[in-house]
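Colleague: Sharing a model prediction with you, sequence too.
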Amino acid sequence: MSSKEALKAFTRIIDILLARADSLPFRDPVDWKDLGLWDYRDIITYPMDLGTVRSNLESNAYLTVSAAAADARTVFSNCCTYNEEGTDYYSLGEAFSLRFEDMYAKIAAYEGGSKDASALEGAGGAGGGGAAGRNAKGAEAGTERGYGGIPTLEQKKLWAENLFKVSGDDLGQVVTMLDKKCPACLEAVTADEGGEPGCEINVDGVATEAFWEVDAFMKRSVAAAAGNNKRKR
């Protein structure tokens, strides 16, 4: 994978993080004057925010993905440095740092073409969960847990159709499951005027294990809804 491709994948990671409702404290520079945080610049010598990282990516300010990652890490380390451990902001900074590192780890090894970039697709895209490696070493174990191996095109089609059949609450649970298992398959969507930003699910980017876990959940949800409809009649 070239640096250009890696930076494109990295931009998707930043978009996913920005699309989260709880990313609000990280979207813009900390307005320390307005907030009365007079010691902020004494403690934080290199302020950074995800909005600035995104703008830098758009303007091609980063020559390598590792340089962009360094700025993204600074966003969360600044948060944990300024806020005391145990506070809500400290916990939020820690959570975002872990989420970022989980997604970034999947593309970091590919910068500069040191590995076959096509393998990244098998891992669920940038941060997709490494499904190919799991299948190679644990196909039997996966079958015992009810996973059906690498999904076929038809299975993906049925899976996507079930996304439109589950209830709103269950769809939210699907997104939560995917966010934990393979967050990079959640693609940020720009909000319409007056609306909230959301995300789309890239079915081709869903890691195999997550695919079958969510498949089982959706089938139970659809079956339960069908049963409720029959009882209402």
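Modeller: Good, I have the coordinates.

Colleague: where exactly do the strands run in the chain?
Modeller: Taking DSSP state E, the strands of the chain run over residues 186-189, 198-201.

Colleague: Can you give me the distance of Cys79 to Ser97?
Modeller: Relative to Ser97, Cys79 is positioned 8 Å away (CB to CB, to the nearest Å). Using the backbone N, CA and C atoms, a C-beta is placed for each residue, glycine as well.

Colleague: Between the two, which is the more surrounded one?
Modeller: Between Cys79 and Ser97, counted using other CB atoms under 10 Å, the more crowded position is Cys79 (23 against 17).

Colleague: Who's the closest spatial neighbour of the more buried one, skipping the chain neighbours?
Modeller: Excluding the flanking residues, the one nearest Cys79 by CB to CB, 6 or more residues apart in numbering is Gly93, at 3.2 Å.

Colleague: Tell me if I'm right that the one you found and Asn83 touch.
Modeller: Yes - counting by CB atoms under 8 Å, Gly93 touches Asn83, with 6.9 Å between them.

Colleague: More neighbours: these two, which one.
Modeller: More crowded of Gly93 and Asn83, by other CB under 10 Å: Gly93, with 22 against 16.

Colleague: Give me the pLDDT for that one.
Modeller: Gly93 is assigned 94 on the pLDDT scale.

Colleague: longest single helix anywhere in this protein?
Modeller: Longest helix in the chain, counting residues (DSSP state H): helix 208-232.

Colleague: how distant is it from the center of its chain?
Modeller: Computed by CA atoms, centre = their mean, to the nearest Å, the separation of helix 208-232 from the middle of its chain amounts to 24 Å.

Colleague: Can you point out the buried residues in it?
Modeller: 208-215, 217-218, 221-222 (16 or more other CB atoms under 10 Å).

Colleague: With stretch 14-31 instead?
Modeller: Buried-residue list, stretch 14-31, by 16+ other CB under 10 Å: 14-20, 23, 25-26, 30.

Colleague: quick one: average confidence on that stretch?
Modeller: 92.

Colleague: contacts for it?
Modeller: 37, 40, 44, 47, 49-54, 57, 72, 75-76, 78-79, 89, 92, 96, 99-100, 103, 183-184, 186-189, 196-199 (CB atoms under 8 Å, 6 or more residues apart in numbering).

Colleague: which among the buried residues of helix 208-232 gets closest to Gly168?
Modeller: Distance to Gly168 across the buried residues of helix 208-232 (CB to CB) is lowest for Ser221, with 11.1 Å.

Colleague: does the closest one really touch Ser167, like I thought?
Modeller: Yes - using CB under 8 Å, Ser221 is in contact with Ser167, at 6.8 Å.

Colleague: about what we covered before: by contact count, what packs against the longest helix of the chain?
Modeller: If contacts are counted by 3 or more CB pairs under 8 Å, 6 or more residues apart in numbering; DSSP states H and E, helix 208-232 sits against helix 131-144, helix 153-163, helix 168-181.

Colleague: Which of these has the lowest mean pLDDT?
Modeller: Looking at the helices and strands packed on helix 208-232, the weakest mean confidence is helix 131-144, a mean of 33.
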